[in-house]
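Enquirer: with the input below, show me the fold.
(one chain, ligands or ions: 1)
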Amino acid sequence: MYGGKAVDYVLTIVVGWLAWKLVRFIWKREEHKRIFADIPLLCHHWFWGITEEVKSVNDLTMLAQRFVEKTGAKWFSTWLLFLEPAVFPCHPDIFRAVYSAIDVRKRHGWAGPYRMFAAWAGEGLLTSNGKKWERNRRLLTPAFHFDILKSYVNVYNTTTSIFMDKIGQATSDGKSVDVYPYISRATLDTMLRCGMSYVDPSVQNDGNQHPYVSAVHRLGALLFERLLKPVLYWDFIYYNMTAEGKEFRKYCDKVHQFADEIILDRRRSIKAQTSDECTKRKRHLDFLDILITARDDAGLALTDKEIREEVDTFLFAGHDTTASAISWCLYSLGLHPGVQDAVRDEIEAILPGDEQPTSEIITQLQYTTCVIKEVLRFFSPVPAQSRILARPLTMEGKTFPAGQIIDIQQNALHHNPAVWGDDHNEFKPERFLPENSVNRDPFAFLPFAAGQRNCIGQHFAMNEIKTFVASVVKRFTLKVDRDRTAVPIAEITTRAKDGIYLHFLERKSSV
Ligand code: HEM
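Expert: Numbers count the residues shown, from 1 in each chain. As a prediction, the model looks like this:
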């Protein structure tokens, strides 16, 4: 008898809970409809929402870009299944509102990309939110001080020289090669040297023989594959029931172990050395020195785990992004010989002969900087980010509730004809000359995002790209392989669908 009553109670609670959920869902949906009434909607299926036409990050990027090219709209919305509408900014006014608001957070949760990345890089700067992020951003900002960045130019020169020798050998028979893997290894080499003074000539060897290099590359690929398959979003399924999940965990353990050993080693040598010995032995202050010695307002240091999380974050955030930017730069120079000549003329006027660029030299490269910026506009190396409102936010007179998803697509902004003109699909570095930029909205060009969650490594990246481009253009004439057009594809970074094939012709041997 008691058993029957208990079942009745349980059933009543379950049905009541489901009814409450349903009423809340309908109410929320109506509320969403009201708020989104006059924001252009980009999908029409009431149940599947956008998932029918969008199967990858690239599909979404293309959808957004095509829509904006046609309409010049300020924003649009889509539905993720029938569950949630997402706002897509396309215009400086909306980007300003989103990036300037304090309570806009990185999106974790079931489908949140930052949650999936956190399995690898923990609560590093890229993924964390709130107080933890605030503290670590404050502690890490000195690592990107102008004077510290200056000392890295020597590292960029070293890694670029290795790259040039490798690419020179690979193309000495006149054939084109896909530059992306070469550049990706070179930028990882840079990050390992600047991040941890880790120097190993095999990092830039072909074929990813280096165990850490192959692990980092594989983790990036696995992360991206997971993002494309919602069924793998459940950790239980991913880690226990799929080979990919097990492989991801295995590589996470490997990279963690690698970083842990380096951190331990550094702690030991810091303890053993007098400060005098330190300055004599080390060529530059690296991120690890700064992470180990940083103290917050309460005098507390970062734990070993926190240091490792930041190291992993820098290695990820700092190498594939610059690899994308440099690859598209070299491609654009190969595609536009006139621009390539102008870049070379500028560099040779400042830096004749065989000398390598210095930090002073790269600040003088005005036209080259315009070319790099045009590449960052045209190919946005980090094509997408996902945010969620922690508090209501008013934009264009509409108040969006806490929990609202904002999906940022840099390409939609950078290819909006209402912002960049009808020639936005033409490669024109002159757009960025000072005289052509005076009236530009500061939120029109945002390859490094903006506001408090902007890219902490943007000056590091610009210096590295300039050094790389200056040296490569001095040594080689670049030509695109006309039989193999490079087609950009938006993944975690913007890559080329079937590679970026270029010819590198040694200039000295060709005269
Ligand atoms: C062309 C190269 C680069 C581009 C286009 C780029 C772009 C971006 C963008 C768009 C974000 C915001 C990401 C988000 O909100 O999810 C970001 C954040 C970040 N970037 Fe970069 N990045 C580049 C290079 C670098 C480098 C070289 C480093 C490190 C040395 C770096 C470290 C970071 C970190 C740590 C964050 C998180 C910052 C925070 O939230 O406080 N990035 N980057």
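Enquirer: please see if stretch 141-154 touches the ligand.
Expert: No - Stretch 141-154 does not reach the ligand (CB under 6 Å from any ligand atom); its nearest approach is 7.5 Å. No exception for glycine: its C-beta is placed from N, CA and C like everyone else's.
Enquirer: quick check: end-to-end length of that stretch?
Expert: Taking CA to CA, to the nearest Å, stretch 141-154 runs 21 Å from one end to the other.
Enquirer: with stretch 164-175 instead?
Expert: For stretch 164-175, the end-to-end distance is 15 Å (CA to CA).
Enquirer: contacts for it, please.
Expert: Applying CB atoms under 8 Å, 6 or more residues apart in numbering, the contact partners of stretch 164-175 are 177, 179, 182, 204, 206, 471-472, 475-476, 503-506.
Enquirer: next, the buried residues of it.
Expert: 164, 166-167, 170-171 (16 or more other CB atoms under 10 Å).
Enquirer: return the member of the contacts of stretch 164-175 nearest to residue 33.
Expert: Checking these against residue 33 by CB to CB gives residue 179 as the nearest, at 48.3 Å.
Enquirer: name the element residue 498 belongs to?
Expert: Assigned by DSSP states H and E, residue 498 belongs to no helix or strand.
Enquirer: quick one: residues contacting it.
Expert: By CB under 8 Å, 6+ apart, residue 498 lies in contact with 484, 486-487.
Enquirer: which residues touch the helix or strand where residue 341 lies?
Expert: Secondary structure assignment for residue 341, by DSSP H and E: helix 337-350. For helix 337-350, contacts defined as CB under 8 Å, 6+ apart pick out 332-334, 357, 361, 364-368, 371, 427, 429, 469-470, 473-474, 477-479.
Enquirer: centre of the chain to that helix, how far?
Expert: Distance, stretch centre to chain centre, for helix 337-350: 28 Å (CA atoms, centre = their mean, to the nearest Å).
Enquirer: give me phi/psi at the residue nearest the centre of the chain?
Expert: Note on the chain: the residue nearest the mean C-alpha position is residue 382, at 4.1 Å, using CA atoms, centre = their mean. Dihedral pair for residue 382: phi -110, psi 100, per degrees, to the nearest 10.
Enquirer: how many residues are close by residue 481?
Expert: Using other CB atoms under 10 Å, residue 481 has 17 other residues around it.
Enquirer: let me know whether it touches residue 500 as I believe.
Expert: No - using CB atoms under 8 Å, residue 481 is not in contact with residue 500; the gap is 9.0 Å.
Enquirer: can you tell me the SS state at residue 426?
Expert: With DSSP: H, G, I helix; E, B strand; the rest coil as the basis, the three-state label of residue 426 is coil.
Enquirer: where does it land on pLDDT?
Expert: Turning to residue 426, the model gives it a pLDDT of 97.
Enquirer: thinking again about what came up before, tell me which of the contacts of stretch 164-175 fall in strands.
Expert: 177, 476, 503-506 (DSSP state E).
Enquirer: save the residues you listed as TSV, and put in neighbour count too.
Expert: Formatted as TSV, those follow (neighbours: other CB atoms under 10 Å):
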residue	neighbour count
177	18
476	25
503	17
504	23
505	15
506	14
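Enquirer: so where's the stretch 251-400 of the chain uncertain?
Expert: Applying pLDDT under 70 to the stretch 251-400 of the chain flags residues 273-283.
Enquirer: go with 50
Expert: Counting by pLDDT under 50, the stretch 251-400 of the chain contains no low-confidence range.
Enquirer: helices of that one, residue ranges please.
Expert: 275-281, 287-293, 304-335, 337-350, 359-363, 366-379 (DSSP state H, counting those that start in this stretch).
Enquirer: just so I know, which of the ones you listed lies nearest the ligand?
Expert: helix 304-335 (3.1 Å; CB to the nearest ligand atom).
Enquirer: ok, the closest one near the ligand or not?
Expert: Yes - Helix 304-335 is in contact with the ligand by CB under 6 Å from any ligand atom, via 313-314, 317-318, 321-322, 325.
Enquirer: what subset of those is buried?
Expert: Buried by 16+ other CB under 10 Å: 313-314, 317-318, 321-322, 325, out of these.
Enquirer: which residue packs closest to the residue of the stretch 351-500 of the chain found nearest the ligand, ignoring adjacent ones?
Expert: In the stretch 351-500 of the chain, the residue that lies nearest the ligand is residue 457 (2.3 Å; CB to the nearest ligand atom). Spatially, and ignoring its direct neighbours in sequence, residue 457 is nearest to residue 318 (5.3 Å; CB to CB, 6 or more residues apart in numbering).
Enquirer: the one you found and residue 455 touch, don't they?
Expert: No - contact criterion CB under 8 Å: residue 318 and residue 455 do not qualify, at 9.5 Å.
Enquirer: so what sits against both of those two?
Expert: Counting by CB under 8 Å, 6+ apart, the shared contacts of residue 318 and residue 455 are residue 461.
Enquirer: what does the stretch 1-150 of the chain put close to the ligand?
Expert: Contacts of the stretch 1-150 of the chain with the ligand, taken as CB under 6 Å from any ligand atom, map to 125-126, 137.
Enquirer: ok, 8 Å please
Expert: Residues of the stretch 1-150 of the chain lying near the ligand by CB under 8 Å from any ligand atom: 106, 114, 124-126, 128, 133, 136-137, 140, 144.
Enquirer: and the furthest pair within those residues?
Expert: Top of the distance list for these (CB to CB): 114 and 144, 21.3 Å.
Enquirer: of those two, who's got more company?
Expert: Per other CB under 10 Å, whichever of residue 114 and residue 144 has more neighbours is residue 114, with 21 against 16.
Enquirer: report the angle between the axes of the one helix or strand that one maps to and helix 304-335?
Expert: For residue 114, the host element (DSSP H and E) is helix 113-121. For helix 113-121 against helix 304-335, the angle by axes from the mean of the first three to the mean of the last three CA atoms, to 10 degrees is 110 degrees.
Enquirer: now do helix 113-121: everything it contacts.
Expert: Contacts with helix 113-121, where a contact means CB under 8 Å, 6+ apart, come from 106-109, 126-127, 219, 223, 226-227, 233, 248-249, 252, 255, 309, 312-313, 316, 386.
Enquirer: just the buried residues from those, in PyMOL please.
Expert: Of the contacts of helix 113-121, the buried ones can be selected in PyMOL as follows, counting by 16+ other CB under 10 Å:
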select buried, resi 106+107+108+126+127+219+223+226+227+233+248+249+252+255+309+312+313+316+386
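Enquirer: residue 220: what's it in contact with?
Expert: 316, 320, 492.
Enquirer: the nearest residue to residue 432 once chain neighbours are set aside: what's it in contact with?
Expert: Spatial nearest neighbour of residue 432, excluding adjacent residues (CB to CB, 6+ apart): residue 370 at 3.9 Å. By CB under 8 Å, 6+ apart, the contact set of residue 370 is 429-433.
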